[in-house]
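1. Please find the sequence and the predicted model below.
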Amino acid sequence: MTTISVGMLGCGTVGTGVLTLLNREASQVAESLKVHFSVKKIAVKHPDKKRTLNFNENVQFTGQIENVTTDPSIQIIIEVMGTLEQAYQAIYQAITNGKSVITANKELIALRGPQLTELARQNHVDLYYEASVGGGIPILRVLSDSLITDQINGLTGIVNGTSNYVLSAMKNEHSSYEKSLKQAQKLGYAEANPTNDVEGIDAAYKLAILSQLAFGHAINLKQLNRCGIQRITTGEINGAAALGLTLKPAVVARKKEQTLFTLVGPVAVTKQHPLANINGVENSILVTSAALGTTSYTGPGAGSEPTANSIMSDLLTVTHHLLANQSGISFNAPSNKISEHSLLDLSLRYFVVIKKVNETNFFREKAKYFEKIINIDHTYFCVTTVLTKDQRSELGSNCKDSHFYPLLK
């Protein structure tokens, strides 16, 4: 039996979930891999705090991160403490001390992933981060392993469970945005400060990670077209439903030749669209590739156990590499030089909400731009024909307080 020594940074909801899974699956791992995982040290802010852990072994808690990252006996570090700079410095220190690292830190990987991946390669250790996107969905492994020989042309998905829960509640329970968000917070799906979720920041980080593996391109997050869900009203949800549409918080990336068109924000989908029935905190990612067409990957996008399960999957992969003396492989992230533009630069159909128009005969004069128009409580809800960027701008300039939502096929 081989013993693998593990250190952890952080022991909150996800960290506790990891310990629970390690304890529960210990006998199965021992039987299949002939390995025993020994969690030696865990760095936390309050090491003297009383904790109820579903873990049979004694673990040393420490308030000093370097006590874990520099311990020569520890082979693998699991980082679940969050933050950016502190986590970056900790992982940098761990890698340069010859330790493989597993992290669930989406912000860190989105902003510093390429640098840390290269550092891991130079130091012949692994860096894995399946849990950073999609909760329990093994999407990164699909992109880096299963589809490595295919040509990926597009990604479309729901990758933020909080935003999806809020919009699902607004539609299914006919509740307001504010009430739905409070309910998400009460259930533990949203933070006390939900800014990263509802403004699309969390989803943008995840799209950046997906893009690195799918297209070999690190998205410029400062230039990314990003919009949150805060402005969506129950009236807009109902107007979309009356036209057979559903509003969903999406990430989109489409590659055309050497250009990547991206978007993070609410979109409209038909009832037949694969994302239409993805509700609550569930996540789903659609991958379009040359060989397979469109494939779908769906599962729980939040929660202690799904995220911990992804970390465990990485832990087993890293362990295989250690035993075979093959560390330093990590996720495959090719590098391609491609330009990046907003998805809205393409010709698209739209679901449009129009509260006021500047011209009396607006809809008659612009009839060629619309497929459907309905009026509910003095608000127009429309489905457009395929519009160019200029045509969309022309329509928008003639409408006060209008909202344009891309209508995905």
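-> Thanks, I have it.
2. Would you mind listing the buried residues in the helix or strand that Asn238 is a member of?
-> Under the criterion of DSSP states H and E, Asn238 resides in helix 234-242. Using 16 or more other CB atoms under 10 Å as the test for burial, helix 234-242 gives 234, 236-240. Heads up, the C-betas are built off the backbone N, CA and C, glycines and all.
3. Then stretch 299-317?
-> Neighbour-count burial for stretch 299-317, counted by 16+ other CB under 10 Å, picks out 299-317.
4. pull the helix or strand with minimum mean pLDDT from the chain.
-> When each helix and strand of the chain is scored by mean pLDDT, DSSP states H and E, helix 26-33 comes last, with a mean of 81.
5. Which strands and helices lie in contact with that one?
-> For helix 26-33, the packing partners by 3 or more CB pairs under 8 Å, 6 or more residues apart in numbering; DSSP states H and E come out as strand 35-43, helix 304-323.
6. Out of these, which gets nearest to Ala268?
-> With CB to CB as the measure, helix 304-323 is the member of those nearest Ala268 (27.8 Å).
7. what about dumping the CA coordinates of that closest one to CSV?
-> What follows is helix 304-323, C-alpha atoms only, in CSV (Å, rounded to 0.1, in the frame of the first residue of the first chain):
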residue,chain,number,x,y,z
SER,A,304,-20.2,20.8,-1.8
GLU,A,305,-20.4,17.2,-3.0
PRO,A,306,-20.4,17.8,-6.8
THR,A,307,-17.4,20.2,-6.5
ALA,A,308,-15.6,17.9,-4.1
ASN,A,309,-16.2,15.0,-6.6
SER,A,310,-14.4,16.9,-9.3
ILE,A,311,-11.5,17.6,-7.0
MET,A,312,-11.4,13.9,-6.1
SER,A,313,-11.3,13.0,-9.8
ASP,A,314,-8.3,15.3,-10.2
LEU,A,315,-6.7,13.8,-7.1
LEU,A,316,-6.9,10.3,-8.6
THR,A,317,-5.4,11.6,-11.9
VAL,A,318,-2.5,13.3,-10.2
THR,A,319,-1.9,10.2,-8.1
HIS,A,320,-1.7,8.0,-11.2
HIS,A,321,0.9,10.4,-12.6
LEU,A,322,2.9,10.3,-9.3
LEU,A,323,2.9,6.5,-9.3
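8. tell me the angle of it relative to helix 26-33?
-> Following axes from the mean of the first three to the mean of the last three CA atoms, to 10 degrees, one obtains 30 degrees for the angle between helix 304-323 and helix 26-33.
9. So which residues make contact with helix 304-323?
-> With contacts defined as CB atoms under 8 Å, 6 or more residues apart in numbering, helix 304-323 is touched by 2, 4, 6, 13-14, 16-18, 20-22, 25, 29, 33, 35, 37, 75-76, 78, 80, 100, 102, 104, 126, 128-131, 134-138, 141, 299-300, 326-329.
10. which among the residues you listed end up buried?
-> 4, 6, 14, 16-18, 20-22, 29, 33, 35, 37, 75-76, 78, 80, 100, 102, 104, 126, 128-131, 134-138, 141, 299-300, 327, 329.
11. Of those residues, which belong to strands?
-> Here DSSP state E is the test, and the buried ones among the contacts of helix 304-323 give 4, 6, 35, 37, 76, 78, 100, 102, 128, 299-300 as lying in strands.
12. Buried residues in whichever strand or helix holds Val68, which are they?
-> Under DSSP H and E, the secondary-structure element containing Val68 is helix 66-69. Neighbour counts over helix 66-69 (16+ other CB under 10 Å) mark 67-69 as buried.
13. ok, back up a step: could you dump the helices and strands packed on helix 26-33 to a markdown table with mean pLDDT and distance to Cys399?
-> A markdown table is the format used below for those (pLDDT from 0 to 100; distance: least, CB to CB, whole Å):
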| stretch | mean pLDDT | distance to Cys399 |
| --- | --- | --- |
| strand 35-43 | 93 | 54 |
| helix 304-323 | 91 | 42 |
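14. possible to save the ones you listed as a markdown table with distance to Gly157?
-> Output for the helices and strands packed on helix 26-33, formatted as a markdown table (distance: least, CB to CB, whole Å):
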| stretch | distance to Gly157 |
| --- | --- |
| strand 35-43 | 32 |
| helix 304-323 | 16 |
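15. nearest to Gly161, of the buried residues of helix 234-242?
-> Gly161 has its nearest neighbour among these in Ile237, at 18.1 Å by CB to CB.
16. what about the closest one, distance to Leu387?
-> To Leu387, Ile237 is 23 Å away according to CB to CB, to the nearest Å.
17. for Val353, same thing?
-> From Val353 to Leu387 the distance is 15 Å (CB to CB).
18. Check Thr195 too.
-> In this view, Thr195 and Leu387 are 31 Å apart by CB to CB.
19. Helix, strand, or coil at Asn54?
-> Per DSSP: H, G, I helix; E, B strand; the rest coil, the secondary structure class of Asn54 is coil.
20. now Asn325
-> Three-state call for Asn325 (three-state DSSP): coil.
21. residues near it, how many?
-> For Asn325, the count of nearby residues is 8 (other CB atoms under 10 Å).
22. thinking again about what came up before, what mean pLDDT does the helix holding Asn238 have?
-> Mean per-residue pLDDT for helix 234-242: 97.
23. Correct me if wrong: Ile102 contacts Tyr129.
-> Yes. Using CB atoms under 8 Å, Ile102 is in contact with Tyr129, at 7.2 Å.
24. Contacts only, for Tyr88.
-> Tyr88 sits next to 108, 112, 116 when contact means CB under 8 Å, 6+ apart.
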